[in-house]
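Colleague: got a predicted structure here, sequence first:
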Amino acid sequence: MADPVRVPRRRGMSARWKLTLSYAGVVVVSGIGLLAAVAVYLLRYVPDAAIIADRFVPNRSDLIRAFIPAAVVMMLVLLAIGLGGGWIIAGRMLAPLDRIGRAAQLAAQGSLSHRVALEGPRDEFRDLADVFDAMLEQLEAHMSEQQRFAANASHELRTPLAISQTMLEVARNDPARDTDALIDRLQEVNARAIELTEALLVLSRAERRTFTREPVDLSLLAEESTETLLPLAERRDVTIDVGGDSAHVFGSSALLQQLITNLVHNAIVHNRPSAGTVVVRTHVLPHAVALVVENTGDVLPPHLVATLAEPFQRGAERARSDDHVGVGLGLAIVQRIAQAHDGSLVLTARHGGGLNVTVWLPHPFPQPR
């Protein structure tokens, strides 16, 4: 089916002309009203008949004949003043909108670094310009993040494909190749590529907020997640302690389950080589619900903690040759899911080693303090 032909709309009268004509119209109508008042309330007391006196005394008709030309001239003067003054005033009033329009045009062309930066006292135009600048700043930051994420995702997705291609080329040139070992290795690389793709899909779903909100108990989800990951914790000699309040929120059960699973999985994998611990707690406060996951581990410098929630950031020492290290999207997915639920993620290095991760979510029924 062919796309409908769009007929270009005719450009109407500019806003400046509309304001100018409106201003001139108000001035002219006010002048007409004033002249009408003079005619009605003053001329009616002057008789229309000839006035007999020792000298010439004009009657009503004489005054009207003398008044009309002067009134017409005065109306033309008022019209000129209204048009000129209206044009100047409208230009000054619309100048901020012109600046905002130029900034919007530059943004439409891909330049998000330009700002309106409207000066002067705060008024409606200043508020509009500030909101527009804030929007441009957020768009620029979001665009930069998306570009960086796309570049990292492309690199991460390219890696398993390049590994598979290299393995196949080596196997083709090796007459004594081990087919079973090749299949096992290819299956491992393919599974990692699938894991990365699924993580990207979850991340995209969380950013679009395309999910149905329903009542969810975080404490139950925490118990389910820890039970699922218990075999991994036992293999790595990590003890998990789960507890806390019954914490109800509104959100997606699947996404919040993914959030908790990622946090517990990270806490298990990035832990001590032996005798490690993971503590999972849920807390209910008057205006918020908190999910806290703490683990033991290496001492983390503050600059590393600040980057852990960025996509594909695993930490140099934490991402050693480990089959369970993940694809570098665990905390990034947690942050996006928290933001999609109008919450936030807070990372804090623990004294003595390890990490404290707190997810704050809105309370479904805020209580007065």
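Modeller: Thanks, I have it.

Colleague: do a quick rundown of the strands in this structure.
Modeller: Using DSSP state E, the strands of the chain run over residues 214-217, 238-244, 248-251, 276-284, 288-295, 344-349, 355-362.

Colleague: make a markdown table out of those and add mean neighbour count, distance to V202 and mean pLDDT.
Modeller: No exception for glycine: its C-beta is placed from N, CA and C like everyone else's. As requested, the strands of the chain are arranged in a markdown table below (neighbours: other C-beta atoms under 10 Å; distance: least, C-beta to C-beta, whole Å; pLDDT from 0 to 100):
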| stretch | mean neighbour count | distance to V202 | mean pLDDT |
| --- | --- | --- | --- |
| strand 214-217 | 14 | 17 | 92 |
| strand 238-244 | 16 | 23 | 94 |
| strand 248-251 | 20 | 14 | 92 |
| strand 276-284 | 20 | 20 | 95 |
| strand 288-295 | 21 | 18 | 95 |
| strand 344-349 | 16 | 15 | 94 |
| strand 355-362 | 21 | 16 | 95 |
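
Colleague: what's the worst-scoring helix or strand of the chain on mean pLDDT packed up against?
Modeller: The weakest-scoring helix or strand in the chain, judged by mean pLDDT, DSSP states H and E, is helix 179-208 (a mean of 75). Helix 179-208 sits against helix 124-173, helix 253-269, helix 330-340, with contacts defined as 3 or more C-beta pairs under 8 Å, 6 or more residues apart in numbering; DSSP states H and E.

Colleague: what helices or strands is the last one leaning on?
Modeller: Just to be clear, that refers to helix 330-340. Secondary-structure packing of helix 330-340 (3+ C-beta pairs under 8 Å, 6+ apart): helix 179-208, helix 253-269, strand 344-349, strand 355-362.

Colleague: what is the orientation angle of it with strand 355-362?
Modeller: 20 degrees (axes from the mean of the first three to the mean of the last three C-alpha atoms, to 10 degrees).

Colleague: roughly how far is helix 330-340 from the heart of the chain?
Modeller: Offset of helix 330-340 from its chain centre (C-alpha atoms, centre = their mean, to the nearest Å): 15 Å.

Colleague: check stretch 18-37 too.
Modeller: Centroid separation between stretch 18-37 and its chain, computed with C-alpha atoms, centre = their mean, is 46 Å.

Colleague: excluding its backbone neighbours, what's nearest R192?
Modeller: Counting by C-beta to C-beta, 6 or more residues apart in numbering, P160 is the residue found nearest to R192 once chain neighbours are left out, at 5.6 Å.

Colleague: ok, R236 - contacts?
Modeller: Going by C-beta atoms under 8 Å, 6 or more residues apart in numbering, R236 touches I268, V269, N271, G276.

Colleague: now, the most widely separated pair of the residues you listed?
Modeller: Largest separation among the contacts of R236 by C-beta to C-beta: V269 and G276, giving 10.0 Å.

Colleague: report how many residues lie close to the residue nearest to L331 when sequence neighbours are not counted.
Modeller: Residue nearest to L331 in three dimensions, not counting chain neighbours: A309, with 4.5 Å by C-beta to C-beta, 6+ apart. The number of residues packed near A309 is 19, by other C-beta atoms under 10 Å.

Colleague: gap between A309 and L218?
Modeller: Applying C-beta to C-beta, to the nearest Å, the value for A309 to L218 is 19 Å.

Colleague: isn't the residue nearest to R192 right up against N190?
Modeller: Yes - under the criterion of C-beta atoms under 8 Å, P160 makes contact with N190 at 7.1 Å.

Colleague: who's more crowded, the two?
Modeller: Here P160 and N190 are compared on neighbour count by other C-beta under 10 Å; more neighbours surround P160, at 21 against 14.

Colleague: let me see the contact set for the more buried one.
Modeller: Counting by C-beta under 8 Å, 6+ apart, P160 has contacts V189, N190, R192, A193, L196.

Colleague: what sits against T197?
Modeller: Contacts for T197 (C-beta under 8 Å, 6+ apart) come out as L157.

Colleague: can you tell me the closest non-neighbouring residue to S344?
Modeller: Nearest residue to S344 in three dimensions, chain neighbours excluded: W360, at 5.0 Å (C-beta to C-beta, 6+ apart).

Colleague: er, H114 actually
Modeller: Excluding the flanking residues, the one nearest H114 by C-beta to C-beta, 6+ apart is L106, at 4.7 Å.

Colleague: repeat for V357
Modeller: Per C-beta to C-beta, 6+ apart, closest to V357 is V293, 4.7 Å.

Colleague: return the per-residue confidence for G353.
Modeller: At G353, the model reports a pLDDT of 91.

Colleague: hmm, it is touching G297, no?
Modeller: Yes - using C-beta under 8 Å, G353 makes contact with G297 at a distance of 5.2 Å.

Colleague: intersection of neighbour lists for those two?
Modeller: Listed contacts common to G353 and G297 are R272; contacts here mean C-beta under 8 Å, 6+ apart.

Colleague: and these two? Which one has more around it.
Modeller: Neighbours around G353 and G297, counted as other C-beta under 10 Å, are more numerous at G297. The numbers are 23 against 15.

Colleague: kindly provide the distance from the more buried one to G82.
Modeller: Counting by C-beta to C-beta, the gap from G297 to G82 is 76 Å.

Colleague: same thing with P69?
Modeller: 20 Å.

Colleague: ok, V27 touching G82?
Modeller: Yes - using C-beta under 8 Å, V27 and G82 qualify as a contacting pair, with a distance of 3.5 Å.
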